[in-house]
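**Q** Below are the sequence and a predicted model for it; my questions follow.
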Amino acid sequence: MSDAAPPTLSARNLSRRFGQREVIHDVSLELRRGEVLGLLGHNGAGKSTTLQMLTGALLPHSGQIEICGFDLARQPAQAKARIGFLPETPPLYREMQVDSYLKFAAKLHRVPRTQIADALAETKRRCGLQDSGKKIIGTLSKGYQQRVGIAQALIHQPEVIILDEPTVGLDPTQIRDIRALIRELGDAHSVILSTHLLGEVESICDRVEIMHHGRIIYGDSSARMQQYGHQPGFIVTLLAAPELAELQAITGVQQVEPLSATQFRILHTADTDPGTALLAFAAQRGWQAKQLVPLQARLEDVFVQITENQ
């Protein structure tokens, strides 16, 4: 994915009021081709309102949205044709058969009549609905109803897919299946999904934007988010442990914390990695190094730290 490629979705300085209360404040974000962007935040942070504006379902009071170069306000037909949207409550007709509903969705999205059969077959294959075409939507499990909701957002092969809390209310197996499907969608489309589930970010998102009280307060890759405010370090197991002073004396080591008689948490400066030196000393001095594991920040701790800093 090239940073030089134009964004498939660009939103600049979006604001939205309900009555006299401003609920979205100057929100800007971009989505690039082949990217899965997670819009993360507590319930009530403004995620759903933002997604509704990005899809044209709700007008911003100020700001501009472009979808694949088309201005959503001035060229709504061209912009919306390039969006697939799954709201938090899937827009399903529970009394319809899956095939009938998806054909109906294809017509709403102006898929040419001659292409509907192929679009239906391909979308059902991608969403794992090959054996569900004749079933009544209301008789399906919640996980399969969610698949149908994603299928209606895909049927016209949009460049941008927007999913609002796509795994809410599903059981662990269903969550795993839907996350795998979304990750696969990211290979061919640009995807935004809102979530308050940190596991969602870790498992499927390339990049994260965090909303808090209607504002974007943080944006970075998922990997770098895990390092936010995190001092580097590792846990080392030494079966013939030395004195703490010997570990503390290794260049770059800032802090040594014994966790047990043989296990130590060692923090070091960001520009040094004393792990190699420690293992060399262990070999020379018979400390019997057994394991060295880098410390990883827990996403829950990172999220709390970012939001509390605001």
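**A** Structure received. Note that the structure is a prediction, hence the values are computed from the model and not measured.
**Q** just checking, Ala77 is part of a strand?
**A** No - membership of Ala77 in a strand is not supported by DSSP: H, G, I helix; E, B strand; the rest coil, which gives helix.
**Q** Would you state the helices of the protein in chain order?
**A** 47-54, 76-80, 98-108, 116-127, 142-154, 172-185, 198-204, 222-225, 244-248, 275-285, 299-308 (DSSP state H).
**Q** who are the neighbours of the second one, in terms of helices and strands?
**A** The criterion is 3 or more C-beta pairs under 8 Å, 6 or more residues apart in numbering; DSSP states H and E, and the helices and strands that helix 76-80 contacts are strand 62-67, strand 70-71. Where you see a C-beta, it was placed from the backbone N, CA and C, and this is true even at glycine.
**Q** quick one: the last one to chain centroid distance?
**A** Averaging C-alpha coordinates over strand 70-71 and over its chain gives two centres that are 25 Å apart (C-alpha atoms, centre = their mean, to the nearest Å).
**Q** How about the longest one?
**A** Per C-alpha atoms, centre = their mean, the displacement of strand 62-67 from the mean C-alpha position of its chain is 22 Å.
**Q** Report the mean confidence score over that strand.
**A** Per-residue pLDDT values across strand 62-67 average out to 97.
**Q** Let me know the angle separating that strand from helix 47-54.
**A** Strand 62-67 and helix 47-54 meet at an angle of 70 degrees, taking axes from the mean of the first three to the mean of the last three C-alpha atoms, to 10 degrees as the criterion.
**Q** How about residues contacting strand 62-67?
**A** 7-15, 26-28, 53-54, 56, 71-73, 79-80, 82-83, 159-160 (C-beta atoms under 8 Å, 6 or more residues apart in numbering).
**Q** which sections of the stretch 201-310 of the chain are below the confidence cut-off?
**A** Scanning the stretch 201-310 of the chain for pLDDT under 70 picks out 226-231, 296-298, 309-310.
**Q** Could I get the buried residue list for stretch 67-79?
**A** Neighbour counts over stretch 67-79 (16 or more other C-beta atoms under 10 Å) mark 67-68, 70, 72, 79 as buried.
**Q** Could you export those residues as CSV, including distance to Arg32?
**A** CSV is the format used below for the buried residues of stretch 67-79 (distance: C-beta to C-beta, whole Å):
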residue, distance to Arg32
Ile67, 13
Cys68, 12
Phe70, 16
Leu72, 18
Ala79, 17
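**Q** ok so, going back, between the helices and strands packed on helix 76-80, which one is nearest to Gln152?
**A** Checking the helices and strands packed on helix 76-80 against Gln152 by C-beta to C-beta gives strand 62-67 as the closest, at 18.1 Å.
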